[in-house]
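>>> Here is my input, please return the structure:
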Amino acid sequence: MKVTVISVSLLALALAGCAGDGELDVSSGVGITATRTGCPTVAVAEGTGDITLFNQAGNQTSDAVDVVATITKVRPSCNSGGEKIYSVADFEVQARRAVAGPARSVTLPYFSTIVQGGSAVVAKRIGQVTLNFADGQTRASAPAKAASYIDATSAALPPEIVAKLTKKRKAGDVDAALDPLSDPEVRAALQRASFELLVGFQLTEEQLRYNVTR
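Numbering: from 1, shown residues only. From the prediction side, this is the model:
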């Protein structure tokens, strides 16, 4: 599943949330401090960050737009201190209606998914957010939240991979200039241990097609 954040290298993933932030020890050798929290990356899934409602069935022209809503101000938080990692994404939904009519409420569905290794969906939940337009107003906003648990063991790197990442390398050693992240085994382990918490509107096929092709 694609997301609306720019992809980062596995080096950045390895150092994300790390103690010392990849600090180099030049006195006794070179090593990467790679203590990971296991907390997932939080993002809005591509193509699902906004939703458009129309007031005429089968008509998706600009004249038929009723309400447009967008997910914004995503704020992640995470507790990785136990056997289960608890990840939360607080966000805001901002909406605009085409006509400033009487007071009105609009309820929109949204989803949250936990994705492992960039492609495997291991959990999905559906929530709802209600927007209340005041009389004569065209704009409304409401807070929403998505949360999920991740098995801490699945998000942890195997000891042998940690050893490769943190191995001290002295200047002049044969492997001193070798990047441990160039090792396919290390890269694969980092990929398996990486998780994402993705949020977005629960769109119909027609709504998703509109977002992609407009």
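
>>> where does the residue nearest to Leu131 when sequence neighbours are not counted land in three-state SS?
The shortest distance from Leu131 to any non-neighbouring residue, by CB to CB, 6 or more residues apart in numbering, is to Ala140 (4.3 Å). From N, CA and C alone the C-beta is placed, and that goes for glycine too. Under DSSP: H, G, I helix; E, B strand; the rest coil, the three-state class of Ala140 is strand.

>>> quick check: domain ranges of this structure?
Here the domain assignment for the chain is 1-36+157-192, 42-149+201-214, based on automatic domain parsing.

>>> Which of those domains comes out lowest on mean pLDDT?
Note on those: lowest mean pLDDT is at domain 1-36+157-192, with a mean of 57.

>>> mind listing the strands for this protein?
Using DSSP state E, the strands of the chain run over 41-44, 50-54, 65-79, 84-97, 104-116, 120-133, 139-151, 195-201.

>>> Now tabulate those strands in JSON lines and tack on distance to Arg187.
Shown next, in JSON lines, are the strands of the chain (distance: least, CB to CB, whole Å):
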{"stretch": "strand 41-44", "distance to Arg187": "17"}
{"stretch": "strand 50-54", "distance to Arg187": "34"}
{"stretch": "strand 65-79", "distance to Arg187": "24"}
{"stretch": "strand 84-97", "distance to Arg187": "22"}
{"stretch": "strand 104-116", "distance to Arg187": "15"}
{"stretch": "strand 120-133", "distance to Arg187": "17"}
{"stretch": "strand 139-151", "distance to Arg187": "21"}
{"stretch": "strand 195-201", "distance to Arg187": "16"}
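
>>> want to throw these into CSV with mean neighbour count and distance to Gln207?
Below are the strands of the chain laid out as CSV (neighbours: other CB atoms under 10 Å; distance: least, CB to CB, whole Å):
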stretch, mean neighbour count, distance to Gln207
strand 41-44, 21, 15
strand 50-54, 19, 6
strand 65-79, 16, 11
strand 84-97, 19, 15
strand 104-116, 18, 11
strand 120-133, 14, 15
strand 139-151, 17, 18
strand 195-201, 24, 8
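
>>> For Tyr210, find the nearest of these.
strand 50-54 (6.2 Å; CB to CB).

>>> what comes into contact with the closest one?
With contacts defined as CB atoms under 8 Å, 6 or more residues apart in numbering, strand 50-54 is touched by 60, 64-71, 106, 108, 201, 203, 207, 210-211.
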